[in-house]
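> can't give you the sequence, but here's the structure:
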C-alpha cells in the first residue's frame, strides 16, 4: 500500500504543480490586462492608445507562439515605430505626461513578451524606466496600478522561465505595502493572492 501511495505521489505531484502554476499564470494574465493597459481621457488620443493596448494584449495572450525568425518584422517593427512616435520627454500637462509614459512602457513590455527569456528582462527594465521617468526623481503618481501590472508581468515571466526568486516576491510585496493607498482595492487583493501563490510555489521548488 505504501508503495502504491508513493507511486501515486510521483505521478500526481508534477501534474498538481503544473496545474497550480497554470492557475497562477492565468491569474497573473487577468490582473495584467486589468491594470497595465492605458485608457486615454481624451477621445482624440484613444484610437492610438487602443492600438498600442491591443498589440500588448495580443503579445501577452499569444506569447510562446511567435516565431521571431518569421514574425519579427510584422510583430516588432510597428511597436518600435510607436516607441519613436511617443518618445517625447517634454509634456504639455500631467495627462500628456501619463499618456506618453504609459504608451512607451506598454510598447517596451510588448517587445519583452515577443522576446526570449534572455532578452525579456532588458525590455522590462526599459518599460519600468518609461513609467518612472527620471532616475533622480521617479514619478508614478496616478500610474500606481499600471506599475503594479508591470511588476506582475515581470514576475509571471520569471515563473515561466523558472527563474523566480524570493527577492522577486518580496519586491512585489513591498510595493503593495508602500502603495496600498493608491492601488484599487480589487487590484490590491488580487495582487496579494498572487504573492501568496508565488510563496507556495517557491517553497515547493
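Cool, the structure landed. All values derive from a computational prediction rather than experimental measurement.

> residues in contact with residue 45?
With contact set as Cβ atoms under 8 Å, 6 or more residues apart in numbering, residue 45 has these partners: residue 99. C-beta: built from backbone N, CA, C; applies to glycine.

> Repeat the analysis, applying 10 Å as the threshold.
By Cβ atoms under 10 Å, 6 or more residues apart in numbering, the residues touching residue 45 are 38, 95, 96, 99, 103.

> Which ChimeraX command selects the buried ones in those?
The ChimeraX selection below is limited to those of these classed as buried (16 or more other Cβ atoms under 10 Å):
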select :38,99,103
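
> need the helices for the protein, in chain order.
Taking DSSP state H as the criterion, the chain contains helices spanning 2-36, 43-62, 68-85, 94-113, 117-132, 144-160, 166-178, 185-204.

> what would those look like in CSV with mean pLDDT?
As requested, the helices of the chain are exported to CSV (pLDDT from 0 to 100):
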stretch, mean pLDDT
helix 2-36, 67
helix 43-62, 94
helix 68-85, 80
helix 94-113, 94
helix 117-132, 93
helix 144-160, 96
helix 166-178, 96
helix 185-204, 92
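
> Need those in a markdown table (columns: distance to residue 138).
Shown next, in a markdown table, are the helices of the chain (distance: least, Cβ to Cβ, whole Å):
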| stretch | distance to residue 138 |
| --- | --- |
| helix 2-36 | 18 |
| helix 43-62 | 22 |
| helix 68-85 | 20 |
| helix 94-113 | 11 |
| helix 117-132 | 4 |
| helix 144-160 | 10 |
| helix 166-178 | 13 |
| helix 185-204 | 20 |
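
> Counting neighbours, which bits of stretch 40-48 end up buried?
Quick answer for stretch 40-48 (16+ other Cβ under 10 Å): residue 40.

> before we move on, back to that, could you dump the contacts of residue 45 into a markdown table with distance to residue 186 added?
A markdown table is the format used below for those (distance: Cβ to Cβ, whole Å):
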| residue | distance to residue 186 |
| --- | --- |
| 38 | 18 |
| 95 | 24 |
| 96 | 28 |
| 99 | 24 |
| 103 | 25 |
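
> Out of the contacts of residue 45, flag the one nearest to residue 80.
Nearest to residue 80, judged by Cβ to Cβ, of the contacts of residue 45 is residue 103 at 12.8 Å.

> That closest one: what's it in contact with?
Residues near residue 103 by Cβ under 10 Å, 6+ apart: 38, 40, 45, 48-49, 51-53, 82-83, 85-87, 130.

> Same question for residue 160.
21, 25, 28, 63, 64, 117, 120.

> Narrow those to just the buried residues.
Buried among the contacts of residue 160 (16+ other Cβ under 10 Å): 28, 63, 120.
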